[in-house]
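1. Here is a sequence together with a model predicted from it:
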Amino acid sequence: SFLLTAAMVFTLSAVSMFSEGEDVSTPIGENDIFVALDGNDANNGTIDAPLATVNAAKEKAKTVDGEDAVNVWFREGRYYIDETVQFTAEDRKNVTYRAYNGENVEFFGGKYITGWKTVEINGITAWMADISDYYDFYTEFNKDGFLENTRYPEDKNEYLYAVADAKSFDGSDSYGVGTSAPITIYGNPSDLIEFYSIESLMCHLIARGWTDDIENVLGIDYQTGAMMLGYGNLFGLPAENRYWFNNVRETLKKPGQWYADKTEKKLYYVPQEGETFDNTEIYVGRLDIIFSLTATTGLSFVDLTFNCTDWEISTGPHAPEYYSSGLIFMNNASNTVIDSCVFKNAGTVAVNVTRDSAGFTLTNSLITDTGVTPVAVADISWTNSHHATDVKITNNEICHYGRVNYDGNGIGINNCYGAVIEHNTIYDGYYNGI
């Protein structure tokens, strides 16, 4: 079992300061822009004639004269984000994007799976859906968070062992460092089974007991135990490595498990007790980033929910939290504030602050169900030439992380000057808290 707790005082909900019957509606200013699900981007953006999209609101904000603050208010509902919203230096400074009057506002970067049918597989009853229109995903969720992808061996505490390519390994713990070419590891042939779809398999590789890579399986020689994987490990492979396989058809057995057949373009899910087609929402990750901020200044996000991104196997050796992904991703962004937001179901990172970003504040927020690291502040180039500065991460609840890669930190800081990290509650992760 695992449990990591760094507990401090934290409060998510506020007690109302208003008496019953008192008007608590938000005053509307002349620089206020409104967005609603039933809006239209041809409207003028008032509360009575709202816009429909984030991008339209960004463009509208550019037309506001002067340097006074602009508020973009979102009305209740789930906003489906089909493409990453790109905030750049061309966008207006000093803009706050927020929920109106405490309404529930969610930005959603996933895709709902529909068209389920009941089938028999591995001697059990499961659901099946056609995913031929979109099958390149690695995460699946329901209302409670991450669902379990199938695994071989089935026991989560059981590992297989493999050695690095005998022809390449020189004993220096350097095999596979920095390579974008396929690598070969050798397992015990007796540990392997005849997999139905090698194209669907992923190899989860633990090197040195802590570096955690997931790679496509390109081929298996069942006679020698040789397995060709997509790319090298960021830090190289020692002589012996623990591994297991994910997305295995043969081990789809338990309620709550899923398996995506990349050959047949079919998704299988074993329903949990009480789940029916009518009362169950299953969705998969699609976008890697919902909001991207590059060279922006003075943007704030208040009282919003960001839900569902995917992760992808990189085109080279990877440490997922340091790559360009996140529910919100920042690159050279200045004076960004995130306050009282909810981040959930991120395939890799929830909040990713990179490359020369300065003056960042994350406060009073909940970050839960994250594939790797909930909050990452890092130089993604690993050259130590780009640093974040003046970062404040305070009064947040950060939990249920490392759901894809186990080496995630609750808060991960790499190359940052002037970081203040205090009064956060951090728990239920496989690796470090901070």
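-> Yep, that arrived.

2. name the helices or strands packed onto the helix or strand harbouring residue 428?
-> Assigned by DSSP states H and E, residue 428 falls within strand 425-429. The contact analysis (3 or more CB pairs under 8 Å, 6 or more residues apart in numbering; DSSP states H and E) places strand 425-429 against strand 5-6, strand 397-401. C-beta coordinates here come from the backbone N, C-alpha and C atoms, glycine included.

3. Swap in 10 Å and give it another go.
-> Counting contacts by 3 or more CB pairs under 10 Å, 6 or more residues apart in numbering; DSSP states H and E, strand 425-429 is packed against strand 5-6, strand 366-370, strand 397-401.

4. Output the below-cut-off pLDDT ranges for the stretch 201-350 of the chain.
-> Applying pLDDT under 70 to the stretch 201-350 of the chain flags the ranges 209, 231-236, 313-323.

5. One more pass at 80, please.
-> Scanning the stretch 201-350 of the chain for pLDDT under 80 picks out 207-212, 231-240, 312-324.

6. quick revisit: in CSV: the helices and strands packed on strand 425-429, plus distance to residue 196 and mean neighbour count.
-> Output for the helices and strands packed on strand 425-429, formatted as CSV (distance: least, CB to CB, whole Å; neighbours: other CB atoms under 10 Å):
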stretch, distance to residue 196, mean neighbour count
strand 5-6, 41, 13
strand 366-370, 29, 25
strand 397-401, 31, 24
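
7. Now do residue 42: how many residues are near it, please.
-> 9 (other CB atoms under 10 Å).

8. who does residue 370 bridge with?
-> Bridge pairing for residue 370 (DSSP bridges) gives the partners residue 346, residue 401.

9. And it, how far from residue 299?
-> Per CB to CB, to the nearest Å, residue 370 is found 22 Å from residue 299.

10. Tell me the buried residues in stretch 115-122?
-> By 16 or more other CB atoms under 10 Å, the buried positions in stretch 115-122 come out as 116, 121.

11. Tell me where the longest strand sits in the protein.
-> Determined from DSSP state E, the single longest strand within the chain is strand 211-221.

12. who does that one pair up with?
-> strand 202-207 (antiparallel), strand 226-229 (antiparallel).

13. residues touching residue 69, list them.
-> By CB atoms under 10 Å, 6 or more residues apart in numbering, the contact list for residue 69 reads 29, 31, 32, 93, 94, 95, 96, 298, 300.

14. what about 6 Å?
-> Counting by CB atoms under 6 Å, 6 or more residues apart in numbering, residue 69 touches residue 94.

15. thinking again about what came up before, determine which of the strands paired with strand 211-221 approaches residue 404 most closely.
-> When those are compared by CB to CB, strand 202-207 sits nearest residue 404, at 9.3 Å.

16. So which residues make contact with the closest one?
-> 212-215, 217, 229, 233, 237, 241-244, 246-247.

17. Ok, which of the strands paired with strand 211-221 comes nearest residue 357?
-> Nearest to residue 357, of all the strands paired with strand 211-221, is strand 202-207, at 30.0 Å by CB to CB.

18. List the pairing partners of the helix or strand hosting residue 258 within its sheet, with orientation.
-> Assigned by DSSP H and E, residue 258 falls within strand 257-261. Sheet partners assigned to strand 257-261 using DSSP bridges are listed as strand 148-149 (parallel), strand 266-269 (antiparallel).

19. just to revisit the earlier point, show me how to select, in PyMOL, the buried members of the contacts of strand 202-207.
-> Selecting only the buried entries of the contacts of strand 202-207 in PyMOL, with 16+ other CB under 10 Å as the criterion:
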select buried, resi 212+213+214+215+217+229+233+237+241+243+244+246+247
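
20. The contacts of strand 202-207 into a markdown table, with extra columns for distance to residue 78?
-> Formatted as a markdown table, the contacts of strand 202-207 follow (distance: CB to CB, whole Å):
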| residue | distance to residue 78 |
| --- | --- |
| 212 | 32 |
| 213 | 34 |
| 214 | 29 |
| 215 | 34 |
| 217 | 36 |
| 229 | 38 |
| 233 | 38 |
| 237 | 43 |
| 241 | 42 |
| 242 | 40 |
| 243 | 38 |
| 244 | 35 |
| 246 | 29 |
| 247 | 28 |
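
21. any idea where the strands of the stretch 51-200 of the chain begin and end?
-> 70-74, 77-80, 85-87, 95-99, 105-108, 110-112, 117-121, 124-130, 140-142, 145-146, 148-149, 151-152, 160-164, 183-187 (DSSP state E, counting those that start in this stretch).

22. The first one packs against which elements?
-> Pointing back at strand 70-74 there. If you count contacts as 3 or more CB pairs under 6 Å, 6 or more residues apart in numbering; DSSP states H and E, strand 70-74 packs onto strand 32-35, strand 95-99.

23. report the angle between the axes of the last one and strand 70-74?
-> Put plainly, it is strand 95-99. Counting by axes from the mean of the first three to the mean of the last three CA atoms, to 10 degrees, strand 95-99 lies at 20 degrees to strand 70-74.

24. quick revisit: can you give me the angle the longest strand of the chain makes with strand 183-187?
-> Comparing the axes of strand 211-221 and strand 183-187 via the same axes, to 10 degrees yields an angle of 80 degrees.

25. residues in contact with strand 211-221?
-> 182, 198, 201-206, 227-230, 233, 235, 313, 405-407.

26. looking at it, residue 189 is touching residue 226, isn't it?
-> No - Residue 189 is not in contact with residue 226 according to CB atoms under 6 Å; the separation is 9.2 Å.

27. For residue 428, which of the helices and strands packed on strand 425-429 is the nearest?
-> strand 397-401 (4.9 Å).

28. quick one, what contacts the residue nearest the centre of the chain?
-> Against the mean C-alpha coordinate of the chain, by CA atoms, centre = their mean, the closest residue is residue 346 at 2.2 Å. Applying CB under 6 Å, 6+ apart to residue 346 gives the contacts 309, 327, 370, 371.

29. rewinding a little: so of the strands paired with strand 257-261, which one's packed in deepest?
-> Compared across the strands paired with strand 257-261, strand 266-269 shows the largest average neighbour count, a mean of 22 (mean count of other CB atoms under 10 Å).

30. Other residues contacting that one?
-> Strand 266-269 is touched from outside by 121, 126, 127, 128, 129, 131, 252, 258, 259, 260, with contacts defined as CB under 6 Å, 6+ apart.

31. Extract the C-alpha trace of stretch 131-150 and format it as CSV.
-> Only the C-alpha atoms of stretch 131-150 are listed here, as CSV (Å, rounded to 0.1, in the frame of the first residue of the first chain):
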residue,chain,number,x,y,z
ILE,A,131,-13.2,3.9,-31.6
SER,A,132,-12.2,3.9,-35.2
ASP,A,133,-12.7,7.6,-35.3
TYR,A,134,-10.3,8.2,-32.4
TYR,A,135,-8.2,5.4,-30.8
ASP,A,136,-4.9,7.2,-30.1
PHE,A,137,-5.5,7.7,-26.4
TYR,A,138,-3.9,6.4,-23.2
THR,A,139,-6.3,7.5,-20.4
GLU,A,140,-9.9,6.7,-19.5
PHE,A,141,-12.0,8.2,-16.8
ASN,A,142,-15.4,8.1,-15.2
LYS,A,143,-17.0,10.5,-12.6
ASP,A,144,-14.6,9.2,-10.0
GLY,A,145,-11.4,9.7,-11.9
PHE,A,146,-8.9,7.4,-13.6
LEU,A,147,-10.1,3.9,-14.6
GLU,A,148,-7.7,1.0,-14.5
ASN,A,149,-6.0,-0.1,-17.7
THR,A,150,-5.3,-3.8,-17.9
